[in-house]
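sequence and computational prediction follow.
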Amino acid sequence: MGSRTLSIGASLDSPDALFERNHTENISMLSLKFHDSNGVLDQGHQASSPVRRDVGNRSLSAVKFLENDDTDLEGGKLEKDRDKTIRSNKVVKIQNQALLSGLAYCISSCSMILVNKLVLSSYDFNAGISLMLYQNFVSVVIVSILTSLGLISTERLTWRLIKVWLPVNVIFVGMLVTSMFSLKYINVAMVTVLKNVTNVITAVGEMYLFKKHHDSRVWAALFLMIISAVSGGITDLQFHAIGYAWQIINCFLTASYSLTLRRVMDTAKQVTKSGNLNEFSMVLLNNTLSLPLGILLIFVFKEVDYLCTTPLLRMPDFWVVITLSGFLGLAISFTSMWFLHQTGATTYSLVGSLNKIPLSVAGIVLFHVPTSLQNSASIVFGLLAGVFFARAKMREGS
């Protein structure tokens, strides 16, 4: 992967920085002790060894010097051994934290998509907006409880902040709703490949809106993503025009959300009390504002009639599954923050791309998706293009 760099968002109190700082301080203290002891010994030696002293005094002084020197060397060895043990323990702890946070992020993100697919396809639940609304409600309740217990900190939702954030939230709700609609008709592997188109739209948007230019490797990866999406759609044995249409809309909305967020974030920070807007505040803000808009969409798409007649809402196991999906949605926010803090933006991006591979395989196996050799090759090609894109972005940013 190359040498690891400290990302812009990483603070000096991140585990790596603490390790480097403590290591440097320990080495400095060891050097200082060794220098001071040598200084004392040198002074003692100079005071007690004039040329005119007798041989006995010189011998006694030499013996004392050797004894003191042995003690200092032993002490220095013990200090070094202890320092080496401390450093070894810290390295193990840091690696364990990074591995654990990475696994938690991968499991939560994969499980969320698979559980949503289970609800929409296996349970045949035809109210995607209602599912989104319930998941967001669960997230609001959990974040509010954690905030009241003092476990996390969130910004107060003021009218000024709501007015600034509302355009972003409208796109956010549209992104979630179209994702639900597409996932109902398209298998998980193809959804994963088609989502790569979002990167193409985002790159073009960055070029025109923020005057950001990408190198040839990034554009090559984006071109490969387009080829894999087109070839995957052509060879998809379960091709569904409505599902593909919703997914294309979802790609545009997801890219729009990312681009709009960059414009709004600075303004939103200015209207908060602390001058900052952390991940938990964004989760609370987005999910809270999505509730009234979601209720409105339920009536617009006439999901109320379906909810009144479906027998699924009388099944306890169905409520367990959709409540689990709400917990998983929030878990993605928590674990992504944890993983990003333990590693860095480059590792986070690469693992996110690699995580699509087991997700696609699990989606095909768990839901018994019929596939052909050509379609499987297109899916693999698209997943590798995603990894190539992540690597190209890492090199571009280095």
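Perfect, thanks for sending it.

show me the helices in the protein, by range?
15-47, 55-117, 128-148, 159-185, 188-194, 197-209, 216-235, 241-270, 279-300, 303-309, 316-342, 345-354, 356-366, 373-397 (DSSP state H).

buried deepest among the ones you listed, which one?
helix 188-194 (a mean of 26; mean count of other C-beta atoms under 10 Å). (Glycine included, C-beta is placed from N, CA and C.)

what does that one contact?
Helix 188-194 is contacted from outside by 113-114, 117, 182-183, 186, 228-229, 232-233, 236, 244, 247-248, 251, 356, 359-364, 367, 369, 371, 378-379, 382-383, using C-beta atoms under 8 Å, 6 or more residues apart in numbering.

quick one: the most centrally placed residue in the chain from M282, how far?
Closest to where the C-alpha atoms of the chain average out (C-alpha atoms, centre = their mean) is S336, at 3.1 Å. Look at S336 and M282: by C-beta to C-beta, to the nearest Å, they are 12 Å apart.

what's the answer for L224, then?
Noted for L224: a distance of 32 Å to M282, by C-beta to C-beta.

mean pLDDT lowest for which of the helices of the chain?
When the helices of the chain are compared by mean pLDDT, helix 15-47 comes last with a mean of 36.

give the contact list for W319.
L313.

rewinding a little: wait, the residue nearest to the centre of the chain sits on S349?
No. Counting by C-beta atoms under 8 Å, S336 stays clear of S349, with 11.3 Å between them.

contact partners for I142?
326-327, 330.

which of those residues sits closest to M265?
L330 (20.8 Å; C-beta to C-beta).

skipping adjacent residues, who's closest to that closest one in space?
In this structure, L330 finds its nearest non-sequential neighbour in S139, 4.5 Å apart by C-beta to C-beta, 6 or more residues apart in numbering.

distance of the one you found from T272?
20 Å.

M180 reaches K117, doesn't it?
No. Counting by C-beta under 8 Å, M180 stays clear of K117, with 10.2 Å between them.

re earlier: and the contacts of I142 as CSV, adding distance to S108?
Formatted as CSV, the contacts of I142 follow (distance: C-beta to C-beta, whole Å):
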residue, distance to S108
G326, 12
F327, 9
L330, 9
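
P292: which of the residues you listed is nearest?
For these, the nearest to P292 is G326 (17.9 Å; C-beta to C-beta).

contacts for stretch 351-371, please.
Contacts of stretch 351-371 (C-beta under 8 Å, 6+ apart): 102, 105-106, 109-110, 113-114, 117, 121-122, 187-189, 192-193, 237-238, 339, 343, 379, 383, 386-387, 389-390.

in PDB, list the C-alpha atoms belonging to that stretch.
Output in PDB follows, covering the C-alpha atoms of stretch 351-371 (Å, rounded to 0.1, in the frame of the first residue of the first chain):
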ATOM      1  CA  VAL A 351     -11.400  -1.200   2.900                       C
ATOM      2  CA  GLY A 352     -14.800   0.200   1.900                       C
ATOM      3  CA  SER A 353     -14.000  -0.800  -1.700                       C
ATOM      4  CA  LEU A 354     -12.800  -4.300  -0.700                       C
ATOM      5  CA  ASN A 355     -15.800  -4.700   1.500                       C
ATOM      6  CA  LYS A 356     -18.100  -4.800  -1.600                       C
ATOM      7  CA  ILE A 357     -16.600  -8.100  -2.700                       C
ATOM      8  CA  PRO A 358     -17.800 -10.300   0.200                       C
ATOM      9  CA  LEU A 359     -21.100  -8.300   0.200                       C
ATOM     10  CA  SER A 360     -21.700  -9.200  -3.500                       C
ATOM     11  CA  VAL A 361     -20.900 -12.900  -2.900                       C
ATOM     12  CA  ALA A 362     -23.100 -13.000   0.200                       C
ATOM     13  CA  GLY A 363     -26.000 -11.400  -1.800                       C
ATOM     14  CA  ILE A 364     -25.700 -13.900  -4.600                       C
ATOM     15  CA  VAL A 365     -25.500 -16.900  -2.200                       C
ATOM     16  CA  LEU A 366     -28.000 -15.900   0.500                       C
ATOM     17  CA  PHE A 367     -30.800 -14.800  -2.000                       C
ATOM     18  CA  HIS A 368     -30.100 -17.600  -4.600                       C
ATOM     19  CA  VAL A 369     -29.500 -15.100  -7.400                       C
ATOM     20  CA  PRO A 370     -29.300 -16.800 -10.800                       C
ATOM     21  CA  THR A 371     -26.300 -15.600 -12.700                       C
END
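
noted, bye for now.
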